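[1] how would this look folded up:
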Amino acid sequence: QVQLVESGGGLVQAGGSLRLSCAASGSIFSINTMGWYRQAPGKKRELVAVITSGGSTNYADSVKGRFTISRDNTNNTVALQMNSLKPEDTAVYYCNVKNYYYSAYDPRGVDYWGRGTLVTVSS
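    Numbering: from 1, shown residues only. So this is what the prediction gives:
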């Protein structure tokens, strides 16, 4: 089992910045990804950014150039620096850890989710 605790959400004006943090504890496999997803009202949960244990990153097109994901493997934390925020970034942001059973090229594994933190961007 993996437990995730998020922090850093809040209310910010358009153009502002926020930093989300997530601390993971428990059984984290050597092959894993840590990431952030978000869900806006009435919409499906979507990927925001993900980072592998080796440091490779992937971002949603909508946040490229504005958001930066980083991780600290020693402390099992992942952060999302969000700059130039827009009202359409308003959502509940969820921290995710995926433990891969075999390799990063084999999707079989298990996902763990935090409880979510609300980000509200006012226009």
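[2] what about the strands in the chain?
    Ranges of strands in the chain, per DSSP state E, are 2-7, 10-13, 18-26, 32-39, 46-52, 57-59, 67-72, 77-82, 91-100, 109-113, 117-122.
[3] can you put those strands in TSV and add mean pLDDT and mean neighbour count?
    Yep, even glycine has a C-beta here, placed from its N, CA and C like the rest. Shown next, in TSV, are the strands of the chain (pLDDT from 0 to 100; neighbours: other Cβ atoms under 10 Å):
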stretch	mean pLDDT	mean neighbour count
strand 2-7	94	17
strand 10-13	97	13
strand 18-26	96	18
strand 32-39	96	23
strand 46-52	96	19
strand 57-59	97	16
strand 67-72	97	18
strand 77-82	98	21
strand 91-100	96	21
strand 109-113	94	15
strand 117-122	97	17
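[4] setting aside sequence neighbours, what's the nearest residue to the most centrally placed residue in the chain?
    Nearest to the mean C-alpha position of the chain, counting by Cα atoms, centre = their mean, stands residue 36 at 1.5 Å. In this structure, residue 36 finds its nearest non-sequential neighbour in residue 48, 4.4 Å apart by Cβ to Cβ, 6 or more residues apart in numbering.
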